[in-house]
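Asks: Okay, predicted coordinates and the sequence, questions at the end:
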Amino acid sequence: MDSTTTTGLPRTKSDQLLEIMARKSPSRGLSSEVIAEAAETASSLSRKSSFGKRMTAASPGRSGGGGGGGGGGRTHIRKSRSAQLKLDLDEVSSGAALSRASSASLGLSFSFTGFTVPPEDIADLRGFSDIDDEIPEDIEAGASTRKKVTMEHTLPIYLKFTDVTYKVILKSVRTTVEKDILNGITGSASPGEVLALMGPSGSGKTTLLNLLGGRLNESAPGGSITYNEKPYSKSLKRRIGFVTQDDVLFPHLTVKETLTYAALLRLPKMLTKQQKEERAMDVIYELGLERCQDTMIGGSFVRGVSGGERKRVCIGNEIIINPSLLFLDEPTSGLDSTTALRIVQMLHDIAEYLVEAYETRVAEEKKKLTVSISIDEELKSKVSSPRREWGASWWQQYSILFWRGLKERRHDYLSWLRITQVLATATILGLLWWRSDSKTMKGMQDQAGLLFFIAVFWGFFPVFTAIFTFPQERAMLSKERAVDMYRLSAYFIARTTSDLPLDLFLPILFLLVVYFMAGLRLSVGPFFLSMLTVFLCIVAAQGLGLAIGATLMDVKRATTLASVTVMTFMLAGGFFVKRVPVFISWIRYISFNYHTYRLLLKVQYEHITPVVNGMKLDNGLWEVGALVTMVFGYRLLAYLSLRRMKLQYGA
């Protein structure tokens, strides 16, 4: 039976290489001699540096080669920096698939329509299966050979969109206007194709990409968008890569750290941690980022990698998972012509080898050259499966996000500017209250003023630090949640707990200076109780800042609201006003300044007097309970606000 008709796919030039080898031996499907010759030919290929150069190798069976058994002609295998043809014999023996086009580290691959090879022929193919591991890579910065990580097959997806329309509603105080963004857009994309959307600024290119990538959930679009004849489902999130126009990356992480964390969170659970890290390194070498792998990404205020390297990191974040569809929103914007050419050439190489992989087949010398296995229903069922798959367990997600957050924010918390600010404030306070005496009433009142300032300072400082947390990370959170990178609960808890070790450092420095310079109660117990009280105040105030920032998601509005709130809490803190009218006295009970101030007074003077500065001291349990309630209550409000943002933005 002819292979061209049984599979329903046209024969390609690449098919004839192994068909000819099959004809070499009449007694067996493939002989060890032919495989060795093919291996020698293939191993002599070197992958060139991507810009236009391709190596071709002659193989017996076509004109130009002459050797045994076939009609005239030449068979060539094209090599580029992105991918190479690989025989995976374990998959041959299983009968599930014959081979894949395995990128040396891009990992983009397609499973073939099924073919079977008899078991007795498998042994003779072993020499050919490791050819691509011997091919060196020459990618901009020099050659290197790496062992590839075995990845699952990429599911081919046929994208089709018909008569797509999209409208937005513009609301004003008096009128409501409906505006057409897209109107009757039709097109399709097959596996291995590079499809470019072109148009002037404001024509709806980004909107169409967002619709095709399942990124717009505010209103349902008109028309039809299908993936293997199925509508979009949540299971497609992990099969679609989306590179946004803006480079959304953490500026203080290195290139290697960025891709490693992406691999740990996004690659399937079946891979070990070491395999995921190797996968990240493969992508680094494939994209030519090995020279800058230990350089910080950088940003507006941090020096880092170049614009082209930053864009390649963004692409690497997506291709690390073997996406079936890869969307890129203006990948060359803001880049110089040379860098833009490299990006486009890299994308072209990816698609080129996917085409070859998808069309290549191998014939065996039996009664039937090929056995066709339909996989249409399998593809449809995989695309339509509603089950959500995570690349890591909840605890693994928390652990990875915790260390990522710690590495990212340590630069801000431990910056010399912030340390100088805290030490300078502590030194000034220590000099103003130098060796104050608490034995007299006047000295006690002076120290009470110092304690109140400590409560206000460590309430004000964390609030305005935490306010920026979620508004600044909103783009990153939406991007990572859009592809089911982690659970929102794991992110939130990791984000809040990773700040705790950093929150301890500056208060310790502050109290070490102020406490002993001001002559506060010199004893181990009171010192650590004072530190614990300040730390409790910091965590409560930080929770308030997180709640305000997550609720408003706008830095300007959040800062305005926080200023009014902190000022109100300070005035109701019990130092300025001793007797507050009954109808407004409840404010002091929701003020962390008030409870912190009372606890500090109790720690310092409970052994001297039960009343200090007109404030009666009790056992302190009420104050501790109130602060603990604020710690968890404010954070619960912040989490619920993030959940609302998730529903609104489809993250």
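Replies: Done, it's in.
Asks: From now on I want contacts and neighbour counts done on CA atoms only, so please keep to that.
Replies: Fine.
Asks: in this structure, what spans have low per-residue confidence?
Replies: 1-153, 218-219, 350-388, 646-651 (pLDDT under 70).
Asks: And it, split by domain according to the record?
Replies: 3-154+356-382, 159-353, 394-649 (automatic domain parsing).
Asks: As JSON lines, those with mean neighbour count would be great.
Replies: Shown next, in JSON lines, are the domains of the chain (neighbours: other CA atoms under 10 Å):
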{"stretch": "domain 3-154+356-382", "mean neighbour count": "19"}
{"stretch": "domain 159-353", "mean neighbour count": "18"}
{"stretch": "domain 394-649", "mean neighbour count": "18"}
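Asks: Just confirm residue 199 contacts residue 205, I think it does.
Replies: Yes. Residue 199 is in contact with residue 205 according to CA atoms under 8 Å; the separation is 7.1 Å.
Asks: For residue 243, grab phi and psi.
Replies: phi -100, psi 110 (degrees, to the nearest 10).
Asks: actually residue 164, not the one I typed
Replies: phi -80, psi 130.
Asks: Give me the distance between it and residue 416.
Replies: Going from residue 164 to residue 416 by CA to CA, to the nearest Å gives 54 Å.
Asks: same question, residue 430
Replies: Note on residue 430: its distance to residue 416, by CA to CA, is 21 Å.
Asks: cool, and residue 639?
Replies: The value you get for residue 639 to residue 416, if CA to CA is used, is 32 Å.
Asks: now do residue 615
Replies: Per CA to CA, residue 615 is found 39 Å from residue 416.
Asks: before we move on, what about residue 468?
Replies: 20 Å.
Asks: And for residue 583?
Replies: Going from residue 583 to residue 416 by CA to CA gives 46 Å.
Asks: again with residue 245
Replies: Plainly put, residue 245 is 34 Å away from residue 416 if you go by CA to CA.
Asks: can you give me the helices in the stretch 501-650 of the chain?
Replies: 524-552, 555-571, 592-605, 621-649 (DSSP state H, counting those that start in this stretch).
Asks: right, and these - which one's nearest residue 232?
Replies: Across the helices of the stretch 501-650 of the chain, residue 232 has its closest neighbour in helix 621-649 (16.5 Å, CA to CA).
Asks: Who are the packing partners of the closest one?
Replies: Packing partners of helix 621-649 (3 or more CA pairs under 8 Å, 6 or more residues apart in numbering; DSSP states H and E): helix 488-497, helix 524-552, helix 592-605.
Asks: Now tabulate these in a markdown table and tack on distance to residue 283.
Replies: Formatted as a markdown table, those follow (distance: least, CA to CA, whole Å):
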| stretch | distance to residue 283 |
| --- | --- |
| helix 488-497 | 25 |
| helix 524-552 | 34 |
| helix 592-605 | 49 |
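Asks: Those: which one's closest to residue 290?
Replies: helix 488-497 (29.1 Å).
Asks: my read: residue 569 touches residue 586, true?
Replies: No. Contact status for residue 569 versus residue 586: not in contact, 11.0 Å apart, counting by CA under 8 Å.
Asks: the strands in the stretch 301-450 of the chain, which residues?
Replies: Taking DSSP state E, counting those that start in this stretch, the strands of the stretch 301-450 of the chain run over residues 325-328.
Asks: In it, mark out all the helices, start to finish.
Replies: For the stretch 301-450 of the chain, applying DSSP H, counting those that start in this stretch gives helices covering 307-319, 337-359, 376-384, 394-413, 416-432, 441-466.
Asks: Out of those, flag the one nearest residue 635.
Replies: Closest among these, using CA to CA: helix 441-466, at 11.4 Å.
Asks: so what secondary structure elements neighbour the closest one?
Replies: Under the contact definition 3+ CA pairs under 8 Å, 6+ apart, helix 441-466 sits against helix 524-552, helix 555-571, helix 592-605.
Asks: Against which helices or strands is the next helix or strand after that helix packed?
Replies: Helices and strands here follow DSSP states H and E; after helix 441-466, the next one along the chain is helix 469-482. Helix 469-482 is packed against helix 524-552, with contacts defined by 3+ CA pairs under 8 Å, 6+ apart.
Asks: run the last query once more with 6 Å
Replies: Here helix 469-482 touches no other helix or strand, going by 3 or more CA pairs under 6 Å, 6 or more residues apart in numbering; DSSP states H and E.
Asks: Just the angle for that helix relative to helix 621-649, thanks.
Replies: 50 degrees (axes from the mean of the first three to the mean of the last three CA atoms, to 10 degrees).
Asks: List every C-alpha atom in helix 469-482, with coordinates, as PDB.
Replies: Extracted in PDB, the C-alpha atoms of helix 469-482 (Å, rounded to 0.1, in the frame of the first residue of the first chain):
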ATOM      1  CA  THR A 469       2.700  45.900  46.300                       C
ATOM      2  CA  PHE A 470      -0.300  44.700  44.300                       C
ATOM      3  CA  PRO A 471      -0.800  47.800  42.000                       C
ATOM      4  CA  GLN A 472       2.800  47.400  40.800                       C
ATOM      5  CA  GLU A 473       2.500  43.600  40.400                       C
ATOM      6  CA  ARG A 474      -0.900  43.700  38.800                       C
ATOM      7  CA  ALA A 475       0.400  43.200  35.300                       C
ATOM      8  CA  MET A 476       2.700  40.300  36.400                       C
ATOM      9  CA  LEU A 477      -0.100  38.700  38.400                       C
ATOM     10  CA  SER A 478      -2.600  38.900  35.500                       C
ATOM     11  CA  LYS A 479       0.000  37.500  33.100                       C
ATOM     12  CA  GLU A 480       1.000  34.600  35.200                       C
ATOM     13  CA  ARG A 481      -2.500  33.800  36.400                       C
ATOM     14  CA  ALA A 482      -3.800  33.900  32.800                       C
END
